[in-house]
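Undergrad: below are the sequence and a predicted model; questions follow.
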Protein chains: 2
Amino acid sequence: MNQEPQNTQYLINGKPSPSLSVVDRGLAYGDGVFRTFIVKSGVPHHWELQYLKLLHDCRALGITCPKNDDLISDIQTLFTGGTDAVAKIIVTRGESSRGYAVPDGIQANRIVIKSAMATYPLSNQTQGVKLHLCELKLGLQAKLAGVKHLNRLENVLARMEWNDTNVADGLLLDSNDNVIECTMSNIFARYDNDLITPSLEECGVAGIARARIIESAKRFNLNIKIERFKLNKLMQAEEIIICNSLFGAWQVVGFNGKQWAKQGLDSQLREMLIN
Amino acid sequence: MNQEPQNTQYLINGKPSPSLSVVDRGLAYGDGVFRTFIVKSGVPHHWELQYLKLLHDCRALGITCPKNDDLISDIQTLFTGGTDAVAKIIVTRGESSRGYAVPDGIQANRIVIKSAMATYPLSNQTQGVKLHLCELKLGLQAKLAGVKHLNRLENVLARMEWNDTNVADGLLLDSNDNVIECTMSNIFARYDNDLITPSLEECGVAGIARARIIESAKRFNLNIKIERFKLNKLMQAEEIIICNSLFGAWQVVGFNGKQWAKQGLDSQLREMLIN
């Protein structure tokens, strides 16, 4: 350990370390969960919501969630210097020998990774974004639906479907052809004053940005509806918005052969989400 | 590195190391594949089949498969001393910064882990085994079906459903109620001279032991059928066998409220698979 604390990019269980045991179940089985969020001048963005979601996701998998104080301490240790950066927290079930069975007394591992702020083209905000329609369709698994777990091969394979740097994300349908989400974002569709987002009871990741838009829609005179709907309904939307905790919200202006005029809801939502 | 080579339990890209980068995509997304097999006196069991399967699975995910010679060299380095042991090979897509997109020129990581031979009760061979019927049902994802990838949360959650040490494995149905496999093994059902195993085109892991039984069934005067079937058909089997590369084959003698008399096919198959 000859790194100065201010240069440390990784903490494992509170200690500077760039590497994890090869018998960690996070590697062996994707047996864990994660969160990604902005830390501004050392302050994690919407921490209470992030921690509540981490608790919820750990509980869904039967993993012991790290203590709030330990994670706050990790963030204070890593995110010094006052610049904005991105935190990724990974919680794995812990280490075990071969086999799926979970040993008694297993200790969860908590990993906090600091990385530079994500950079996106300014035009994503000013002109909107294009989406790819993914060929891969999400499988259904109610026991994992909504959870931001480490089994993300569907997202990886879907993201491999396009190389066009002008495409910001890819829209994912489920195996019943319901609209679900994008590879790294949730989606909303506006029809007059109704703002509809897909039900995530059978697949998908229920992100914090999505939750905050749902909670605050009334402020924007919008009625939230959470429901199942198909691609043809999405195509009829007056405005399509994608969102996550890093970029906030962008309007979709090109998708599946159709163009939409740039409007203003995305900038209102972005202001609320990341400023 | 103060370990003597003969005590080394792990190699990463050919070098002794017990730990992997926390930004490896194997941890971040389960973005990789694995194999587990017996090494007898330094010789990997059915290596050609294991390597062919590794090649196939890497190709399914677009991961560069390690060279055969490098893996053989790893095994020769780790498995010295003439005792029998178990090898686990993990191949991940490699390391990348945040985000699902795969960077150009990414280098796959190969991990070889040596562990002690699995120990199972002798009664599993002499008297047969009991199975649990899992409540969790496997989701369908044709793009991942058959592949032994690192997204194994379904197996982990299914394995958490029982604690009874007399239960050897849990039977998994898919979301359409087709019989698929067990959490750590494949399954065969015998009806007279027909030996049926589930089609794995939409989910499940197509193991090497399963492949070898399919190839060699004629030797046992059995006609192989690979098809979709439901639980009620499984319950009518004259003999049910589960198999994997570590234990070979066991007969199921208790499952879902029914008992079967111990017969002899499992020991014939086991002889072929692991002796």
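TA: All right, it came through fine. Numbers count the residues shown, from 1 in each chain, chains lettered A, B, ... in the order given.

Undergrad: could you measure from residue A:176 over to residue A:24?
TA: According to CB to CB, to the nearest Å, residue A:176 and residue A:24 sit 35 Å apart. Backbone N, C-alpha and C define where each C-beta goes, glycine included.

Undergrad: these two - which one has more neighbours?
TA: For residue A:176 versus residue A:24, neighbours defined as other CB atoms under 10 Å in any protein chain shown are more numerous around residue A:24 (25 against 13).

Undergrad: was I right about that one contacting residue A:92?
TA: Yes - with contact defined as CB atoms under 8 Å, residue A:24 reaches residue A:92; the gap is 5.4 Å.

Undergrad: which residues are common contacts for the two?
TA: Listed as contacting both residue A:24 and residue A:92 by CB atoms under 8 Å, 6 or more residues apart in numbering or on different chains are A:109, B:27.

Undergrad: per the record, what domains does chain A have?
TA: Split into domains by automatic domain parsing, chain A comes to A:5-115, A:123-274.

Undergrad: which one of those has the lowest average pLDDT?
TA: Comparing mean pLDDT across those, the weakest is domain A:5-115, with a mean of 93.

Undergrad: dump the domains of chain A into CSV; add distance to chain B as well.
TA: As requested, the domains of chain A are exported to CSV (distance: least, CB to the nearest CB, whole Å):
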stretch, distance to chain B
domain A:5-115, 3
domain A:123-274, 4
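
Undergrad: reformat the ones you listed as CSV; add distance to residue B:133.
TA: Below are the domains of chain A laid out as CSV (distance: least, CB to CB, whole Å):
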stretch, distance to residue B:133
domain A:5-115, 16
domain A:123-274, 16
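
Undergrad: with residue B:16 as the reference, name the closest of these.
TA: Closest approach to residue B:16 among the domains of chain A is made by domain A:5-115 (11.2 Å; CB to CB).

Undergrad: pretty sure residue A:90 is touching residue A:32, no?
TA: Yes - using CB under 8 Å, residue A:90 is in contact with residue A:32, at 5.9 Å.

Undergrad: more crowded one of these two?
TA: residue A:32 (29 against 22).

Undergrad: partner residues bridging the more buried one?
TA: residue A:92 (DSSP bridges).

Undergrad: how about it, what does it touch?
TA: Per CB under 8 Å, 6+ apart, neighbours of residue A:32: A:25, A:26, A:61, A:63, A:90, A:91, A:92, A:93, A:109, A:149, A:150.

Undergrad: assess the claim that the first one and residue A:91 are in contact.
TA: Which is residue A:25. No - using CB under 8 Å as the test, residue A:25 is too far from residue A:91 to be in contact (11.1 Å).

Undergrad: quick check: closest non-adjacent residue to residue A:190.
TA: residue A:239 (4.1 Å; CB to CB, 6 or more residues apart in numbering or on different chains).

Undergrad: brain fart, residue A:25
TA: Leaving aside its chain neighbours, residue A:25 sits nearest to residue A:31 (3.8 Å; criterion: CB to CB, 6+ apart).

Undergrad: I'd guessed that neighbour sits against residue A:92; true?
TA: Yes - using CB under 8 Å, residue A:31 is in contact with residue A:92, at 6.2 Å.

Undergrad: these two - which one has more neighbours?
TA: residue A:31 (30 against 27).

Undergrad: show me the helices in chain A, by range?
TA: A:25-29, A:47-61, A:68-78, A:123-126, A:153-159, A:208-216, A:231-235, A:265-274 (DSSP state H).

Undergrad: what does the first one contact?
TA: Contact with helix A:25-29 is made by A:20, A:31-32, A:90, A:92-96, A:100, A:109, A:150, B:20, B:24, B:26-27, B:30, B:34, B:90, B:92, B:150-153, B:155-156, as judged by CB under 8 Å, 6+ apart.

Undergrad: show me the contacts for the residue nearest the centre of chain A.
TA: The residue lying closest to the centre of chain A (CA atoms, centre = their mean) is residue A:207, at 5.2 Å. Residue A:207 sits next to A:148, A:185, A:186, A:243, A:244, A:245 when contact means CB under 8 Å, 6+ apart.

Undergrad: give me the buried subset of those.
TA: Buried members of the contacts of residue A:207, counted by 16 or more other CB atoms under 10 Å in any protein chain shown: A:148, A:185, A:186, A:243, A:244, A:245.

Undergrad: for the first one, which non-adjacent residue is spatially closest?
TA: Spelled out, it's residue A:148. Of all residues not flanking residue A:148 in the chain, residue A:205 sits nearest, at 5.0 Å (CB to CB, 6+ apart).

Undergrad: for the third one, same thing?
TA: Nearest in space to residue A:186, with sequence neighbours left out and distances taken as CB to CB, 6+ apart, is residue A:210 at 3.8 Å.

Undergrad: what about residue A:19, how many residues close to it?
TA: 16.

Undergrad: so it makes contact with residue B:12?
TA: No - using CB under 8 Å, residue A:19 is not in contact with residue B:12, being 9.3 Å away.

Undergrad: and for these two, which residues touch both?
TA: Residues within reach of residue A:19 and of residue B:12 at once, by CB under 8 Å, 6+ apart, are residue B:20.

Undergrad: how about the strands in the stretch 101-250 of chain A?
TA: Secondary structure of the stretch 101-250 of chain A (DSSP state E, counting those that start in this stretch): strands located at A:109-115, A:129-138, A:167-174, A:179-182, A:186-191, A:194-198, A:223-227, A:239-244, A:248-255.

Undergrad: so which of the ones you listed comes closest to residue B:275?
TA: Closest among those, once you apply CB to CB, is strand A:109-115, at 38.7 Å.

Undergrad: partners of the closest one, with directions?
TA: In the sheet, strand A:109-115 lines up with strand A:10-12 (antiparallel), strand A:85-92 (antiparallel) (DSSP bridges).

Undergrad: pull the contacting residues for residue A:158.
TA: Contacts for residue A:158 (CB under 8 Å, 6+ apart) come out as A:134, A:136, A:170, A:172, A:183, B:100.

Undergrad: ignore the last one, residue A:69
TA: Counting by CB under 8 Å, 6+ apart, residue A:69 makes contact with nothing.

Undergrad: for residue A:65, same thing?
TA: Here residue A:65 is in contact with A:54, A:55, A:58, A:59, A:91, A:108 (criterion: CB under 8 Å, 6+ apart).

Undergrad: can you tell me how far it sits from residue B:96?
TA: Look at residue A:65 and residue B:96: by CB to CB, they are 27 Å apart.

Undergrad: hang on, the earlier thing: what's the overlap in contacts for residue A:90 and residue A:32?
TA: With CB under 8 Å, 6+ apart, residue A:90 and residue A:32 have common neighbours A:26, A:150.

Undergrad: just checking, residue A:250 touches residue A:126?
TA: No - here residue A:250 does not reach residue A:126: they are 10.2 Å apart, not a contact under CB under 8 Å.

Undergrad: between these two, point out the one with more neighbours.
TA: residue A:250 (26 against 9).

Undergrad: so what's the residue count around the residue nearest to residue A:153 when sequence neighbours are not counted?
TA: The shortest distance from residue A:153 to any non-neighbouring residue, by CB to CB, 6+ apart, is to residue B:151 (4.7 Å). The burial count assigned to residue B:151 is 23, neighbours taken as other CB under 10 Å.
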